[in-house]
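Chemist: Sequence first, then the predicted structure, then my questions.
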Number of protein chains: 2
Amino acid sequence: MTKRSFAVAVVLLVFLGLALGCCSKCEQEDVAVQTDPLPSWNEGAAKQSIVDFVERVTDETGLDFVPVAERIATFDNDGTLWAEQPVYSQLFFAIDRVKAMAAEHPEWTSQQPFKAVLEGDMEALAASGEHGLLELVMATHAGMTTEEFEGIVAEWLVTAKHPTTGRAFTEMVYQPMLELLDYLRANDFKTFIISGGGIEFMRPWTEAVYGIPPDQVVGSSIKTRFEMGEHGPVLVRLPEINFIDDKADKPVAIWRYIGQRPIAAFGNSDGDLQMLQWTAAGDGASFMLYVHHDDADREWAYDRKSHIGRLDKGLEEAEAGGWTVVSMKDDWGRIFDWE
Amino acid sequence: MTKRSFAVAVVLLVFLGLALGCCSKCEQEDVAVQTDPLPSWNEGAAKQSIVDFVERVTDETGLDFVPVAERIATFDNDGTLWAEQPVYSQLFFAIDRVKAMAAEHPEWTSQQPFKAVLEGDMEALAASGEHGLLELVMATHAGMTTEEFEGIVAEWLVTAKHPTTGRAFTEMVYQPMLELLDYLRANDFKTFIISGGGIEFMRPWTEAVYGIPPDQVVGSSIKTRFEMGEHGPVLVRLPEINFIDDKADKPVAIWRYIGQRPIAAFGNSDGDLQMLQWTAAGDGASFMLYVHHDDADREWAYDRKSHIGRLDKGLEEAEAGGWTVVSMKDDWGRIFDWE
């Protein structure tokens, strides 16, 4: 090699090094595409239906192609993304709040439903019915600023433990659903939560746990009021229901918050039925999925007769409509990350 | 050059070509950073304040750095992103709808405020007050499905012309604000509309015109109801107010829809004041901007005494708080794209 050609080669090698470094990102993306995006899902009809749907709507040459802007996927939370047994996590939160606030409320020792909570009398609490639960929520979720409440939720999540597993509540999320959320987002879906649970009980942690930012979380809410506080303007939480995001009001909430009909919807109970029906009635391709809790060993088994997360009419509509019904027992190789 | 070193050089050149092709995207991004992102803004304090703020919150080594997830920017629409004179575009829409629907409503020829609209009597329309305007909105915006209304708005936008410029209403948007939206998004801000206007009047066109998708548009709304229609489930628009997104309810709406306090807020009237106050009261760096309509030649000049888009208290708070006040006359080299 002559000196001159050697110099040329060196210059080219330097350029090549720079250029290849620049390309490493693209290469990494290529590798990711080739691995199984749903490793906790057993091979079978449920997993296949998901992959088929995603491939159909992202194939630009196909009849079912859906532009990125319309790839909206909505997920119920309790029982769909995380466990809802023995009762909703938010009820454990309310109970813990009643105990923490009891010293300031001596009247609670003789007043239902607070008395029941303080005495650990779950039967009396259940007997207080919806009205009693609403009173619990108002007493524990209102009367502070939005930022104070956010702090209370965040602190509770760090300390509270699930009563049967001893795990943090944010560890009670379903690993296969986390993979599904990632898989949809990798295919340019925008993922939303549409939950009957409190919107502000979810928002402090959904980004870290599900990768879903606060503005893509929809739930039930109480009213707030803008006030000039001592240290400037604040929003105060009022003991007044704004919206209950359940059943026929789930499509209403989707339209109000998202302004588009989803092309994919995921739930686990009759409370999600109208969301799935409305999704199914869209013009183009659509995908509806029910998580069926049928694994008493690894999670809980409940459906048609359960007080929490009842799935009865939904199972029939799913069968009639050819929707995907996931058997947690058969379709999920792993339910929780820590199994 | 020897044959061997020539061959080496050729191989390297081929690699280099591939590699440079792969890098062209990165290069384009580098070039974009070097060009002025706000070409329709004249050099001056207003433009400089925007650039300074964006550089401060995106500088990872600085004290004012804001993580991407918290880069929330909220924009009023009427008078901030598009023109609101001689009256709000949505009122022109309602007037056109009354005319289009009049044949089915013979009673309107003798019933206010419809009579005023049909006779073009703007004085009588104004005299009907807020109650009259609400009646107009209910009669023209409710009683159909959400998808039917979406179609009506989209069709109107194609045919309707602004009365003084003869332009489509979607051409009445401010070019400097479009550049600002792009600039913020290029710096990983998430941009939202927080408008007193109807949420479903905006959503059909905000993505195409502003690059803001439907789920990032917040506005006033009427209620909807989920119903099983002839051809499946639909959402029907009801003649009942759900929420008026104005003044102290703008921060309420931001919290309800976004769940985060903005770090930057943009408005043009006293109706935006609480949104700007609440933004200013955040913990970290924040940026508040008022568009001041002071260019009677190229647009309109109005502020403290205007019935539409009154800016009075806001001007004083902006001065006291050191917020940016944009003079459309001095700070904007071009107002409309088609000038």
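Modeler: That came through fine. Numbering: from 1, shown residues only, chains lettered A, B, ... in the order given.

Chemist: Every contact and neighbour count from this point should use C-alpha atoms.
Modeler: Will do.

Chemist: and A:G62, how many residues sit next to it?
Modeler: A:G62 is flanked by 11 other residues according to other CA atoms under 10 Å in any protein chain shown.

Chemist: Now do stretch A:212-221: distance to the chain's middle.
Modeler: Stretch A:212-221 has its C-alpha centroid displaced from the chain centroid by 9 Å (CA atoms, centre = their mean, to the nearest Å).

Chemist: Would you verify that A:V234 is located in a helix?
Modeler: No - with DSSP: H, G, I helix; E, B strand; the rest coil as the criterion, A:V234 is assigned strand and is not in a helix.

Chemist: per-residue confidence at A:D30?
Modeler: A:D30 is assigned a pLDDT of 49 by the prediction.

Chemist: before we move on, what about A:Y257?
Modeler: The model reports A:Y257 with a pLDDT of 98.

Chemist: In this structure it contacts B:D215, no?
Modeler: Yes - taking contacts as CA atoms under 8 Å, A:Y257 lies within contact range of B:D215: 5.9 Å.

Chemist: More neighbours: these two, which one.
Modeler: A:Y257 (24 against 21).

Chemist: Kindly list the main-chain dihedrals of the more buried one?
Modeler: The phi and psi values for A:Y257, taken as degrees, to the nearest 10, are phi -90, psi -40.

Chemist: which residues does the most centrally placed residue in chain A contact?
Modeler: Central residue of chain A (CA atoms, centre = their mean): A:N77, 3.9 Å from the mean position. Counting by CA atoms under 8 Å, 6 or more residues apart in numbering or on different chains, A:N77 touches A:I193, A:I194, A:S195, A:G197, A:G267.

Chemist: Just put these in CSV and tack on secondary structure, distance to chain B and pLDDT.
Modeler: Converted to CSV, the contacts of A:N77 look like this (DSSP: H, G, I helix; E, B strand; the rest coil; distance: CA to the nearest CA, whole Å; pLDDT from 0 to 100):
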residue, secondary structure, distance to chain B, pLDDT
A:I193, strand, 13, 98
A:I194, strand, 13, 98
A:S195, strand, 14, 97
A:G197, strand, 14, 95
A:G267, strand, 18, 98
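
Chemist: Does the nearest residue to A:Y210 once chain neighbours are set aside belong to a helix, a strand or coil?
Modeler: Counting by CA to CA, 6 or more residues apart in numbering or on different chains, A:Y210 lies nearest to A:L178, which is 6.4 Å off, once chain neighbours are set aside. On the three-state scheme (three-state DSSP), A:L178 is labelled helix.

Chemist: and A:L178, how many residues sit next to it?
Modeler: Each residue near A:L178 was counted by other CA under 10 Å, and the total is 18.

Chemist: and if you look at A:E107?
Modeler: A:E107: 12 neighbours (other CA under 10 Å).

Chemist: got a list of contacts for stretch A:321-333?
Modeler: Residues from elsewhere that reach stretch A:321-333, judged by CA under 8 Å, 6+ apart: A:40-44, A:46-47, A:49, A:176, A:287-295, A:315, A:317-318, A:335.

Chemist: re the thing from before, which two of the contacts of A:N77 have the greatest separation?
Modeler: Greatest spatial distance among these (CA to CA): A:G197 and A:G267, at 13.4 Å.

Chemist: Mind checking which of these two has more residues around it?
Modeler: Neighbour count, other CA under 10 Å: between A:G197 and A:G267, A:G267 has more, with 29 against 22.

Chemist: Just the helices from chain A, written as ranges.
Modeler: Taking DSSP state H, the helices of chain A run over residues A:3-34, A:45-58, A:89-101, A:114-118, A:122-127, A:129-141, A:146-159, A:175-186, A:199-210, A:249-257, A:273-280, A:313-321, A:328-331.

Chemist: Which residues are in contact with A:S220?
Modeler: A:S195, A:G196, A:G197, A:G198, A:I199, A:N242, A:F243, A:I244, A:D245, A:D246.

Chemist: For the fifth one, give its distance to B:R256.
Modeler: This means A:I199. Distance, A:I199 to B:R256, by CA to CA, to the nearest Å: 8 Å.

Chemist: Off-centre distance for stretch A:40-60?
Modeler: Per CA atoms, centre = their mean, the displacement of stretch A:40-60 from the mean C-alpha position of its chain is 20 Å.

Chemist: what's around the closest residue to A:G232 other than its chain neighbours, how many residues?
Modeler: Leaving aside its chain neighbours, A:G232 sits nearest to B:A281 (6.2 Å; criterion: CA to CA, 6+ apart). Around B:A281 there are 16 other residues, counting by other CA under 10 Å.

Chemist: I figured A:D188 was touching A:V68, is that so?
Modeler: Yes - under the criterion of CA under 8 Å, A:D188 makes contact with A:V68 at 6.0 Å.

Chemist: neighbour count winner among those two?
Modeler: A:D188 (16 against 13).

Chemist: and the more buried one, how far is that from chain B?
Modeler: Per CA to the nearest CA, to the nearest Å, A:D188 is found 14 Å from chain B.

Chemist: Then A:R334?
Modeler: To chain B, A:R334 is 30 Å away according to CA to the nearest CA.

Chemist: same question, A:G259
Modeler: From A:G259 over to chain B the distance is 6 Å, taken as CA to the nearest CA.

Chemist: got it, and A:I152?
Modeler: For A:I152, the distance to chain B equals 16 Å [CA to the nearest CA].

Chemist: how deep is that residue tucked in, by neighbour count?
Modeler: Neighbours of A:I152 under the rule other CA under 10 Å: 16.

Chemist: and it, what pLDDT?
Modeler: 97.

Chemist: cool, A:V11 as well?
Modeler: As summarised for this prediction, A:V11 has a pLDDT of 44.

Chemist: Just list whatever residues bridge to A:V291.
Modeler: Beta-bridge pairing of A:V291 under DSSP bridges involves A:V326.

Chemist: That one contacts A:T80, correct?
Modeler: Yes - A:V291 lies in contact with A:T80 (CA under 8 Å); the separation is 6.2 Å.

Chemist: Comparing these two, which shows the higher neighbour count?
Modeler: Taking other CA under 10 Å, A:V291 and A:T80 do not tie; A:T80 has more neighbours (24 against 20).

Chemist: where's the more buried one relative to B:T164, distance?
Modeler: 54 Å.

Chemist: next one: A:E319
Modeler: 58 Å.

Chemist: do the same with A:R97
Modeler: A:R97 is 60 Å from B:T164, by CA to CA.
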